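Asks: Need coordinates for the following:
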Amino acid sequence: AVLGDPYEIVRIAALEALTALGPKAAGASPQVTSLLADAQPAVRREAAIAARALGAKGAAPALTKLLTDKDTGVRVAAARTLTSLGAAPPEATMVLLDALVSGQTAAALDAIEGLEALGASMPADVKARLAQAMGVGALRVRLRAAEALHAVGGAEFLTTPAGRPQKGIRSTLDKALDSKDAGLTRRAVVLLGSLGKAARPWLKHIADRATLDPSPQIRVAATTTLGQLGPVARPMAAALHLAKEDESRAVRTAAEGALTKVQPPPGSEIEGLIEALPKSPLTLRAMRALAALGGNAVPALVKRLDSADERIADGAVRVLIQIGDPAVTALVKALESQSPSMRRRAATVLGRVDVPARRLAQAGAGLTRLLLAATAKDVVEVRGALLRIGRPAVPSLLAAYASADASAKARLLDAIGRILPPAGDVLPTLL
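Replies: Numbering: from 1, shown residues only. Okay, here's the model as predicted:
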């Protein structure tokens, strides 16, 4: 009775309810079929959609008549339903292709849905028309056309035999990735996961989305895409390690799974993680990731103690302090560096690292030389490292005392006095 209501809005509401029920409402197929001849185009369109949801194969003749309807939305809905029911005449495909280039976004999107239903049996000329739609028009239509081509096995229209992106897909992905519409961006990121080597031009963009995008959903999608790309994504190993430190559990899980697929060479992520240290959104995550690598990260971190970028150098100091014992030997060698900044920062780490004092004994001679050459500003850090060593540092301090000038002797005495207050046991030597 409701389907026959005199008010258009009531008939449409009833059809929408049947569509939501799907095959469970198949018993209403005859009434739905009758509404395919309704005087109102909105009702005819909704009836065609409902016939698709109900699987009303008996409606095929009435749907075929609608392929010549005056209303574009009705024609497209009828063609989609006929395709879905497996009863589409050639005219149905033509209706969908015409809608594809109609300039009407809604009709074009519906047309793509209908064409995608052809699946792997989609003719090559139809795929070519989809590829054309991928290069012009509304971005939502272009991206949906690319997704449909991927779904029906039209890889040749997305990538070249040499593994490069086709012109149409390149332009569409560039625009979608920079779109303010998070939904389009996420879909573009997901699609990239299916392009294999052809996704290389966008690896940096995907990595940035995996680590910096404010949306956890997009970060998960980007991290997952890197995993789907497998070895192709190895240059982005640092991004996956940063994602492992993400605040979102879903992102962390995706990163762990991606790393098992990408399998980057051990240590290949270190430089990328160090480069992330100055980026405030990533600093703490980069530090945690580097610290987790332990001794493997030490050589690169010690090298960066001399960085002209204070943020990288200071970040390296903080990470080396966290790494602790595995860094001691390299830090002691750094005390002999020609670079004053490297020597100073190495002393800072040695003064703060949480290791037994005996592990620092080998640094005594280097720290003593540094104490004599240090500026007033740096003396505190160097002296702090010597205090950490304690008594084992005293012989080096005493050896330097004999040839030191008055100013240097004052520094040496100050350090000795702090290590062995009141320094009574070394005074005879000094005197």
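
Asks: contacting residues for T159?
Replies: Residues near T159 by C-beta atoms under 8 Å, 6 or more residues apart in numbering: 165-166, 169, 195-198. C-beta coordinates here come from the backbone N, C-alpha and C atoms, glycine included.

Asks: Got a ChimeraX select line for the buried ones in the residues you listed?
Replies: Here is the ChimeraX command that selects the buried residues among the contacts of T159 (16 or more other C-beta atoms under 10 Å):
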select :165,166,169,195,196,198
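
Asks: Tell me which entries of the contacts of T159 lie within strands.
Replies: Residues of these located in strands (DSSP state E): none.

Asks: any chance of the contacts of T159 in CSV, with pLDDT and distance to A111 too?
Replies: Output for the contacts of T159, formatted as CSV (pLDDT from 0 to 100; distance: C-beta to C-beta, whole Å):
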residue, pLDDT, distance to A111
P165, 94, 24
Q166, 91, 21
I169, 93, 19
L195, 94, 24
G196, 93, 28
K197, 94, 31
A198, 95, 26
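
Asks: Of the contacts of T159, which belong to helices?
Replies: I169 (DSSP state H).

Asks: can you redo the contacts of T159 as JSON lines with distance to S29?
Replies: As requested, the contacts of T159 are exported to JSON lines (distance: C-beta to C-beta, whole Å):
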{"residue": "P165", "distance to S29": "45"}
{"residue": "Q166", "distance to S29": "43"}
{"residue": "I169", "distance to S29": "40"}
{"residue": "L195", "distance to S29": "42"}
{"residue": "G196", "distance to S29": "44"}
{"residue": "K197", "distance to S29": "48"}
{"residue": "A198", "distance to S29": "45"}
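
Asks: Specify which member of the contacts of T159 is nearest to I416.
Replies: K197 (64.8 Å; C-beta to C-beta).

Asks: related to what we said a few turns ago, let me know the closest of the contacts of T159 to V220.
Replies: The nearest one, if we look at the contacts of T159 relative to V220 and count by C-beta to C-beta, is L195, at 18.8 Å.

Asks: For E256, see how far away the nearest residue to that closest one once chain neighbours are set aside is.
Replies: Excluding the flanking residues, the one nearest L195 by C-beta to C-beta, 6 or more residues apart in numbering is T159, at 6.0 Å. When distance is defined by C-beta to C-beta, to the nearest Å, T159 is 29 Å away from E256.

Asks: repeat for K127
Replies: For K127 relative to E256 (C-beta to C-beta), the value is 37 Å.

Asks: right, and E116 touches G154 too?
Replies: No - assessed by C-beta atoms under 8 Å, E116 is found out of contact with G154, at 10.3 Å.

Asks: So for these two, which residues contact both of them?
Replies: Joint contacts of E116 and G154 (C-beta under 8 Å, 6+ apart) are A148.

Asks: tell me the contacts of Q362?
Replies: Per C-beta under 8 Å, 6+ apart, neighbours of Q362: 328-329, 332.

Asks: Comparing K127 and E256, which shows the higher neighbour count?
Replies: Remark: of K127 and E256, K127 carries more neighbours, 19 against 14, as counted by other C-beta atoms under 10 Å.

Asks: List the buried residues in the helix or strand hosting that one.
Replies: Following DSSP states H and E, one finds K127 within helix 124-133. Within helix 124-133, the residues that count as buried by 16+ other C-beta under 10 Å are 126-127, 129-133.

Asks: Now the element after that helix, going C-ward?
Replies: helix 139-151.

Asks: now the strands: where do they sit in the protein?
Replies: Going by DSSP E, the chain shows no strands.

Asks: which sections of it are below the confidence cut-off?
Replies: 1, 421-431 (pLDDT under 70).

Asks: again, only this time at 80
Replies: When residues are selected by pLDDT under 80, those of the chain lie in 1, 374-378, 420-431.

Asks: Let's check: the centremost residue of it is which one?
Replies: A210 (1.3 Å; C-alpha atoms, centre = their mean).

Asks: hmm, who's touching the helix holding K127?
Replies: 93, 97, 100-101, 108, 112, 115, 118, 141-142, 145, 148-149, 152, 154, 157, 166, 168.

Asks: now the helices for the stretch 301-431 of the chain?
Replies: 310-323, 328-334, 340-352, 364-373, 376-389, 394-401, 406-419, 427-430 (DSSP state H, counting those that start in this stretch).

Asks: name the helices or strands packed onto the fifth one?
Replies: Same thing as helix 376-389. Contacts defined by 3 or more C-beta pairs under 8 Å, 6 or more residues apart in numbering; DSSP states H and E place helix 376-389 against helix 340-352, helix 364-373, helix 406-419.

Asks: wait, what's in contact with A334?
Replies: 302, 305, 342-343, 345-346.

Asks: want to try JSON lines for the residues you listed, with distance to T68 and neighbour count as columns?
Replies: Below are the contacts of A334 laid out as JSON lines (distance: C-beta to C-beta, whole Å; neighbours: other C-beta atoms under 10 Å):
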{"residue": "V302", "distance to T68": "77", "neighbour count": "22"}
{"residue": "L305", "distance to T68": "77", "neighbour count": "25"}
{"residue": "M342", "distance to T68": "81", "neighbour count": "21"}
{"residue": "R343", "distance to T68": "86", "neighbour count": "24"}
{"residue": "R345", "distance to T68": "79", "neighbour count": "26"}
{"residue": "A346", "distance to T68": "83", "neighbour count": "32"}
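
Asks: wouldn't D306 be in contact with S339 here?
Replies: Yes - D306 is within contact range of S339, at 4.6 Å (criterion: C-beta under 8 Å).

Asks: before we move on, back to that, turn the helices of the stretch 301-431 of the chain into a markdown table, columns for distance to P23.
Replies: A markdown table is the format used below for the helices of the stretch 301-431 of the chain (distance: least, C-beta to C-beta, whole Å):
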| stretch | distance to P23 |
| --- | --- |
| helix 310-323 | 59 |
| helix 328-334 | 69 |
| helix 340-352 | 69 |
| helix 364-373 | 80 |
| helix 376-389 | 75 |
| helix 394-401 | 87 |
| helix 406-419 | 85 |
| helix 427-430 | 98 |
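
Asks: Between the two ends of stretch 352-371, what distance do you get?
Replies: Start and end residues of stretch 352-371 are separated by 16 Å (C-alpha to C-alpha, to the nearest Å).

Asks: what about the residue lying closest to D378 once chain neighbours are set aside, how many neighbours?
Replies: Nearest in space to D378, with sequence neighbours left out and distances taken as C-beta to C-beta, 6+ apart, is R344 at 5.1 Å. By other C-beta under 10 Å, 24 other residues sit near R344.

Asks: Hmm, R344 is touching V380, no?
Replies: No - counting by C-beta under 8 Å, R344 sits too far from V380 to count as a contact (11.0 Å).
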